[in-house]
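>>> how does the following fold in three dimensions:
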Amino acid sequence: MKAFRFFALLALALAASLSGCKNDGKKILPTISGKPGEVAVVCTKVEWESEPGSTLRSLLCDEVPYLPQVEPSYDLFNVPQQAFNKVFQVHRNIIVIDTDKKYTESSLAIYHDVWSTPQLVIGIKAPDSAKAAELISQRGQKILSTLEATERERVIANIHNFENADLHKTAAKMFGGAPLFPNGYTVKRTADNFIWISNETTFTVQSILMWKYPCRDSSDLSAASLAAKRNEITREYIPCTLEGSYMILNPDIFPGSDRITVNGRSVVEMRGLWEAYNDFMGGPFLSHSFLSEDGNEIITMDAFVYAPKYDKRNYLRQVEGILYSYE
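Down below sits the predicted model:
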């Protein structure tokens, strides 16, 4: 498939989707295929095995931080241009690399819901392979953040479709706001200014903790203060399997932290590893801490995963989506 053929195909797909709308204006498209975290890369085998492919893999297959074992951020696979048929066109995440001398400059374009829904398609045009690799490197953060946001939005949309509204109401009554919870989650424990909501199967645990406490000054939102508070809370409320055991932060790996904005709120996001004191358990966690509306309290939402038999990347992304659904 030559470069102009792909973008002609894309234009036809967009036109067809607009002309084939229901009365409510929504496109009539099939549901996406593929597993969470998968990305189909449409390009020639030469491009896949040379600079464009290697640059893309360096960007998207980097190790997910703060997991107990090595897992790539995304799982990439190559689809040769001539094989890009209807089977692959409905994939959840598609990156197309088109190189042709007729392009006078390189460009990157982002499309949603082209052949399926909720789909992400990223188109890369460049005069040659070297220029394509250069563009991927220059716009790498945009590619990565778009993929991350799209995967997260899918999780949140799924929660909306299968929401346990009672759990949201219960937590919101305690904290003035709360994330959305899908079916399967139940309240495991409550106390003053604390709630533990969990989804547990034979071999997996996905839990959301929420707590609040008075804010003395800005230092209470420092990474050190938040980490110490987490250890205090989990020691009191999160027992593990053996008598006298409880959850703590991994003492050898201090959590990473970053200040981000989520739906207009300034949030301190922490990511790290937890383990069990006096027990053999552990896994990843992430948390969002922010000030209450009146600024008098710190509210923390904390999500952790325990899945000793499985990879944890996708389990963690699911609970991350819950945190980002806070209303």
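>>> any idea where the strands of the stretch 1-150 of the chain begin and end?
With DSSP state E, counting those that start in this stretch as the criterion, the stretch 1-150 of the chain has strands at 38-42, 75-79, 93-99, 107-112, 120-126.
>>> same question for the second one: list its buried residues.
Right, the one you point to is strand 75-79. By 16 or more other Cβ atoms under 10 Å, the buried positions in strand 75-79 come out as 75, 76, 79. Any C-beta I mention is one placed from the backbone N, CA and C, and that applies to glycine too.
>>> surely the first one meets residue 36?
No. Counting by Cβ atoms under 8 Å, no contact exists between residue 75 and residue 36, whose distance comes to 9.3 Å.
>>> name the residues contacting each of the two.
Taking Cβ atoms under 8 Å, 6 or more residues apart in numbering as the criterion, residue 75 and residue 36 do not both touch any residue.
>>> how far does stretch 56-69 stretch from start to finish?
From its first residue to its last, stretch 56-69 covers 22 Å (Cα to Cα, to the nearest Å).
>>> next one: it to chain centre, how far?
13 Å (Cα atoms, centre = their mean, to the nearest Å).
>>> what of stretch 130-141?
In terms of Cα atoms, centre = their mean, the centre of stretch 130-141 is found 23 Å from the chain centre.
>>> cool, and stretch 160-176?
Going by Cα atoms, centre = their mean, the spacing between the C-alpha centre of stretch 160-176 and its chain's C-alpha centre is 21 Å.
>>> could you check the pLDDT of residue 15?
Confidence at residue 15, expressed as pLDDT, is 58.
>>> so residue 287 is in contact with residue 270, correct?
Yes. Look at residue 287 against residue 270 with Cβ under 8 Å: they come within range, at 4.8 Å.
>>> intersection of neighbour lists for those two?
Taking Cβ under 8 Å, 6+ apart as the criterion, residue 287 and residue 270 both touch 226, 230.
>>> pLDDT at residue 89, what is it?
At residue 89, the model reports a pLDDT of 95.
>>> and it, how many residues sit next to it?
Residue 89 is surrounded by 21 other residues when neighbours are defined as other Cβ atoms under 10 Å.
>>> that one contacts residue 116, doesn't it?
Yes. A contact is recorded between residue 89 and residue 116 when judged using Cβ under 8 Å, the distance being 7.4 Å.
>>> hmm, back to that, which of the buried residues of strand 75-79 lies closest to residue 274?
Closest approach between the buried residues of strand 75-79 and residue 274, by Cβ to Cβ: residue 75, at 25.5 Å.
>>> and the closest residue in space to the closest one that isn't next to it in sequence, what is it in contact with?
On the basis of Cβ to Cβ, 6 or more residues apart in numbering, the spatially nearest residue to residue 75 that is not a chain neighbour turns out to be residue 38, at 5.0 Å. Going by Cβ under 8 Å, 6+ apart, residue 38 touches 74, 75, 76, 77, 91, 92, 93.
>>> distance-wise, check residue 38 relative to residue 95.
Residue 38 sits 11 Å away from residue 95 when distances are taken as Cβ to Cβ, to the nearest Å.
>>> residue 271: what's it in contact with?
By Cβ under 8 Å, 6+ apart, the contact set of residue 271 is 65, 66, 255, 256, 257, 284, 285, 286.
>>> now the nearest residue to residue 131 once chain neighbours are set aside. Its backbone dihedrals?
The shortest distance from residue 131 to any residue other than its chain neighbours is 5.0 Å, reached at residue 106 (Cβ to Cβ, 6+ apart). Dihedral angles phi and psi of residue 106 (degrees, to the nearest 10) take the values phi -90, psi 150.
>>> check residue 176 too.
Listed backbone geometry of residue 176 is phi 80, psi -10, with angles given as degrees, to the nearest 10.
>>> show the pLDDT at it.
The confidence metric pLDDT takes the value 94 at residue 176.
>>> same deal with the one 5 residues further on?
pLDDT, residue 181: 98.
>>> measure it to residue 324 for me?
In this structure, residue 181 and residue 324 are separated by 13 Å, where distance is defined by Cβ to Cβ.
>>> pick out whichever of those two has more residues nearby.
The neighbour comparison of residue 181 against residue 324 (other Cβ under 10 Å) goes to residue 181, with 24 against 20.
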